[in-house]
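In: Following is a predicted model, sequence given first.
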Amino acid sequence: MECLPELMRDLDMDAMPYFSIVIPAYNREREILRAVDSCLAQEFTDYEVVVVDDCSTDTTATAVDRYANPRIRLIRHPVNRGACAARNTGVRASTGTWVIFLDSDDELLAGCLTRIVTL
């Protein structure tokens, strides 16, 4: 990232990330990996990913648990509360300066976070 050296900093999990990417999920075991992988592929790395599993009955939570990345946090609702409640839970758990919502069946395009930072 030659154009943004002043905006990049070493990822320090004790520091507040620039972005919190909140992904609500319900029964998305197939789709959630693409969504999370699209976050991990970003060249701007000052972010966290907060996945809120809304009491899925499939293996969505297990799929997210397999990531061995400190940027990814999984929060589980004990009962299904709906997408809005899952988003709100994610926002409350977020530590970033800015929140980005990403649906579990969507993906961030390459360079998305960099473009947002430069706006």
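Out: Received, thanks.
In: do you know how far the residue nearest in space to the middle of the chain is from residue 108?
Out: With distances taken as Cα atoms, centre = their mean, the residue of the chain nearest its centroid is residue 49 (2.5 Å). Per Cβ to Cβ, to the nearest Å, residue 49 is found 10 Å from residue 108. C-betas here are computed from N, CA, C, even on glycine.
In: helices or strands next to the top helix by length along the chain in the packing?
Out: For the chain, the longest helix by residue count, based on DSSP state H, is helix 83-93. Helices and strands touching helix 83-93, by 3 or more Cβ pairs under 8 Å, 6 or more residues apart in numbering; DSSP states H and E, are strand 19-25, strand 47-53, strand 72-76, strand 98-101.
In: For that helix, what does the pLDDT average out to?
Out: The predicted model gives helix 83-93 an average pLDDT of 98.
In: What residues sit buried inside that helix?
Out: Buried positions in helix 83-93, judged by neighbour count with 16 or more other Cβ atoms under 10 Å: 86, 87, 89, 90.
In: how about those, which pair is most distant?
Out: 87 and 89 (7.3 Å; Cβ to Cβ).
In: Give the residues shared as contacts by these two.
Out: Listed as contacting both residue 87 and residue 89 by Cβ atoms under 8 Å, 6 or more residues apart in numbering are residue 52.
In: neighbouring contacts of stretch 21-29?
Out: If you take Cβ under 8 Å, 6+ apart as the criterion, stretch 21-29 is touched by 32, 35-36, 39, 47-60, 62-64, 80, 83, 86-87, 90-91, 94, 99-105, 108.
In: Quick one, which of the residues you listed are buried?
Out: By neighbour count, with 16+ other Cβ under 10 Å, these hold 32, 35-36, 39, 47-54, 56, 60, 63-64, 86-87, 90, 94, 100, 102, 104, 108 as buried.
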